[in-house]
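Chemist: Need a 3D model of the following:
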Amino acid sequence: MVRAGILGEDDHVELIEGELLVMSPQDPPHAGAINRLTRRLVGAYGPGHLVRVQLPLHVSRHSLPEPDVVVARGDEAAFDARHPAGADAVLVVEASWSSRARDQRKAAIYARAGVPVYWRLDLETRQLEVHEQPGADGYARTTTLGEDDEVEAPGSAARWKVGDLLPAR
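Modeler: A predicted model of the protein is given here:
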């Protein structure tokens, strides 16, 4: 659409189930959470994994979301000619504040695409939803963790307190 002149290259939208949705500007708590997550995830995953921040994830013909963070199997060269797909993902993370309803809607999209683990970090309630066991009808298991609970980065030995992923109060 950018090449066709329909969208400007600076338009901040994502394709969700055939709809172009405008993405809200990031406030400091959202940006801070993404920075904390990115730093930890880059440290947790070594060669053979790529941590991508707010870049497209191909999940279907009608959906091309731009999650806050994706950990994908592969390196930069693996995605020079295509966006990673759900099957390439190890973990997808969305940090939610004003986007809570949209990010909950995305859970079903990610599950159908085969994303094995989806985290929704709720900045308002200061909780982490961990969605696992994807299927056609969504994730079979969802666990809600509080600030003092620990979460393990899937496929790694890294563990963090949920509160350490959240912006300061």
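Chemist: Surely residue 85 and residue 57 touch.
Modeler: Yes. Contact status for residue 85 versus residue 57: in contact at 7.4 Å, counting by Cβ atoms under 8 Å. Any C-beta I mention is one placed from the backbone N, CA and C, and that applies to glycine too.
Chemist: what's the next secondary structure element after the lengthiest helix in the chain?
Modeler: The helix spanning the most residues in the chain, taking DSSP state H as the definition, is helix 28-44. Using DSSP states H and E, the helix or strand that follows helix 28-44 in sequence is strand 49-53.
Chemist: And the contacts of the helix or strand following that following strand?
Modeler: As assigned by DSSP H and E, the chain's next helix or strand after strand 49-53 is strand 69-73. By Cβ atoms under 8 Å, 6 or more residues apart in numbering, the surrounding residues in contact with strand 69-73 are 34, 37-38, 41, 45, 48-55, 57, 78-79, 84, 88-93, 153.
Chemist: quick one: strand 69-73 to helix 28-44, angle?
Modeler: If you take axes from the mean of the first three to the mean of the last three Cα atoms, to 10 degrees, strand 69-73 sits at 20 degrees to helix 28-44.
Chemist: Please point out which parts of strand 69-73 sit buried.
Modeler: Using 16 or more other Cβ atoms under 10 Å as the burial criterion, the residues of strand 69-73 that qualify are 69, 70, 71, 72.
Chemist: what bridges to the last one?
Modeler: With DSSP bridges as the criterion, residue 72 is bridged to residue 50, residue 89.
Chemist: confidence score at it?
Modeler: As predicted, residue 72 sits at a pLDDT of 98.
Chemist: coming back round to it: neighbour count: residue 85 and residue 57, which is higher?
Modeler: Taking other Cβ atoms under 10 Å, residue 85 and residue 57 do not tie; residue 57 has more neighbours (25 against 16).
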